[in-house]
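**Student:** Show me how the following folds:
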Amino acid sequence: MKRLLPALLALAAPAALAWPSCDQADLVPPVAITRKAPAYPAAVRAIGVEGAVEVALTILRDGRVGWVSVLHAVPPGYFEQAAVAGVRSWRFEPARRNDSPVECRMLTRVRFALVDTVDTNGQPLASSEKPDPVYPARLLMDRVEGYVELQFELAVDGSVLRPRVIMAMPRGEFEAAALAAIRSWRFPPESATQRMTRRFEFRLPDSTLGEVPPIMLASAPFPMEACKSRKTGQVSLEVATDADGTIRQARILSSDPKGLFDRSALAIAKASRMTPAYRNGQPFGAIALLTIFFDPGQASCPGSLKPDPRQPKQGRPSPSVSGHDERPAGRADRLAALSGVGG
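**Tutor:** I've put the predicted structure just below:
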């Protein structure tokens, strides 16, 4: 069973631009009021393509989004139009300086990822080559709902190599169920060897959950040392969350390279909020796993953008981005996700 699921949201560290960065020390930063995920382009979803788009945007004095520009897109030509259109619909409480609203600029990374909703009774299987995880009996009895995201590689014969959990809410049995299933997955042998991600939502058949709160990852400066050396990295953390998903405590489980991104990862985690776990349809505090990825090739390091001398207009000019024709998908709904996790 698959369906359109809530989005994950994350803000990347703002870059040095001609107009003030939204995390500038003398500003009270903007606060999101409405920030929904962009729609996953149906034609792209139909062919199973995933990707990410990084955009720079200006938040105007009235809280609307004004100037928007695509900085990076992987792969190019598929998701830019959807990302920009989605970002333009966001609304904020504007940034302020001395109680007066001011314009500021920030970056956001929009990730489009494929997602599966787990069938609680395990029948029928998604396919003989990609069976669904089995819903843990104890969590099913306790009516607990949550999610797991995995990262893995493909061997030349289509088998799964080195699967690992990069996000889980709550920790424990959902992780084991997802790993057990993914290890038995098989892809066409001609599939290119590559790293992939997959997210499983564990939902009860009579779930009362509608639109659940998205994951909101805070911003933090990208380490200048990593920018200069063009190093990528990742930090896995175990976090304690409140019932609303707010992260109250975080500890580092592993980091690669060791120590380089630890401070940034802790700063992001401690100012972030995850989609909570649910019991009997009510959110509850839980221990979760969160992995944060750092890649200067998919983000703009401080000072890497050329200053734009033009003041953003007090309106919403049409963006100039590449597009992709829409057509009926004819396949299961997928997730459009904005995230700093998972590739």
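
**Student:** Return the host helix or strand of A265 as PDB; C-alpha atoms alone will do.
**Tutor:** Remark: A265 resides in helix 262-270, with elements defined by DSSP states H and E. The C-alpha trace of helix 262-270 is given here as PDB (Å, rounded to 0.1, in the frame of the first residue of the first chain):
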ATOM      1  CA  ASP A 262      30.000  17.400  15.000                       C
ATOM      2  CA  ARG A 263      29.400  20.900  16.200                       C
ATOM      3  CA  SER A 264      27.200  21.800  13.200                       C
ATOM      4  CA  ALA A 265      25.200  18.600  13.500                       C
ATOM      5  CA  LEU A 266      24.500  19.200  17.200                       C
ATOM      6  CA  ALA A 267      23.500  22.800  16.500                       C
ATOM      7  CA  ILE A 268      21.100  21.600  13.800                       C
ATOM      8  CA  ALA A 269      19.600  18.800  16.000                       C
ATOM      9  CA  LYS A 270      19.000  20.900  19.100                       C
END
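
**Student:** What is that helix packed up against?
**Tutor:** Counting contacts by 3 or more CB pairs under 8 Å, 6 or more residues apart in numbering; DSSP states H and E, helix 262-270 packs against strand 233-241, strand 247-256, strand 286-294. Heads up, the C-betas are built off the backbone N, CA and C, glycines and all.

**Student:** and the longest one, C-alpha only, in PDB?
**Tutor:** Output of strand 247-256 as PDB, limited to C-alpha atoms (Å, rounded to 0.1, in the frame of the first residue of the first chain):
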ATOM      1  CA  ILE A 247      14.400  17.600  20.000                       C
ATOM      2  CA  ARG A 248      15.400  18.200  23.600                       C
ATOM      3  CA  GLN A 249      18.700  16.200  23.800                       C
ATOM      4  CA  ALA A 250      21.100  14.800  21.200                       C
ATOM      5  CA  ARG A 251      24.200  12.700  21.400                       C
ATOM      6  CA  ILE A 252      26.500  11.700  18.600                       C
ATOM      7  CA  LEU A 253      26.600   8.000  17.700                       C
ATOM      8  CA  SER A 254      29.100   8.300  14.900                       C
ATOM      9  CA  SER A 255      30.600  10.900  12.500                       C
ATOM     10  CA  ASP A 256      32.600  10.700   9.300                       C
END
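
**Student:** show me where the stretch 51-200 of the chain has helices.
**Tutor:** Counting by DSSP state H, counting those that start in this stretch, the stretch 51-200 of the chain has helices at residues 80-88, 137-141, 173-182.

**Student:** Tell me the gap between the shortest one and the middle of its chain.
**Tutor:** Between the mean C-alpha point of helix 137-141 and the mean C-alpha point of its chain there is a distance of 28 Å (CA atoms, centre = their mean, to the nearest Å).

**Student:** If you average the pLDDT over it, what comes out?
**Tutor:** Averaged across helix 137-141, pLDDT comes to 92.

**Student:** Can you pull the phi and psi angles for the closest residue to D295 other than its chain neighbours?
**Tutor:** Nearest residue to D295 in three dimensions, chain neighbours excluded: T232, at 4.7 Å (CB to CB, 6 or more residues apart in numbering). Backbone torsions for T232, taken as degrees, to the nearest 10, come to phi -100, psi 170.

**Student:** who touches T232 in this structure?
**Tutor:** Neighbouring residues of T232 by CB atoms under 8 Å, 6 or more residues apart in numbering: A226, F293, F294, D295, P296, G297.

**Student:** Dump those residues into TSV; add neighbour count, pLDDT and distance to D244 as well.
**Tutor:** Formatted as TSV, these follow (neighbours: other CB atoms under 10 Å; pLDDT from 0 to 100; distance: CB to CB, whole Å):
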residue	neighbour count	pLDDT	distance to D244
A226	19	84	32
F293	19	87	25
F294	25	85	27
D295	19	80	29
P296	18	76	32
G297	9	68	34
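
**Student:** Of those, which is the nearest to P276?
**Tutor:** Lowest distance from P276 to the contacts of T232 (CB to CB) belongs to F293, with 22.3 Å.

**Student:** what's the distance between I47 and G285?
**Tutor:** I47 sits at a distance of 40 Å from G285 (criterion: CB to CB, to the nearest Å).

**Student:** Any stretches of the stretch 101-250 of the chain with poor pLDDT?
**Tutor:** Residue ranges of the stretch 101-250 of the chain with pLDDT under 70: 113-128, 190-193, 211, 214, 218-220.

**Student:** Kindly recompute the last result at 50.
**Tutor:** 119-126 (pLDDT under 50).

**Student:** What ranges does the stretch 51-200 of the chain have for its strands?
**Tutor:** For the stretch 51-200 of the chain, the strands defined by DSSP state E, counting those that start in this stretch occupy 51-59, 65-74, 91-93, 95-97, 100-102, 104-113, 115-118, 144-154, 160-169, 195-202.

**Student:** of all the ones you listed, which lies closest to M216?
**Tutor:** So among those, strand 104-113 is nearest, using CB to CB, at 11.3 Å.
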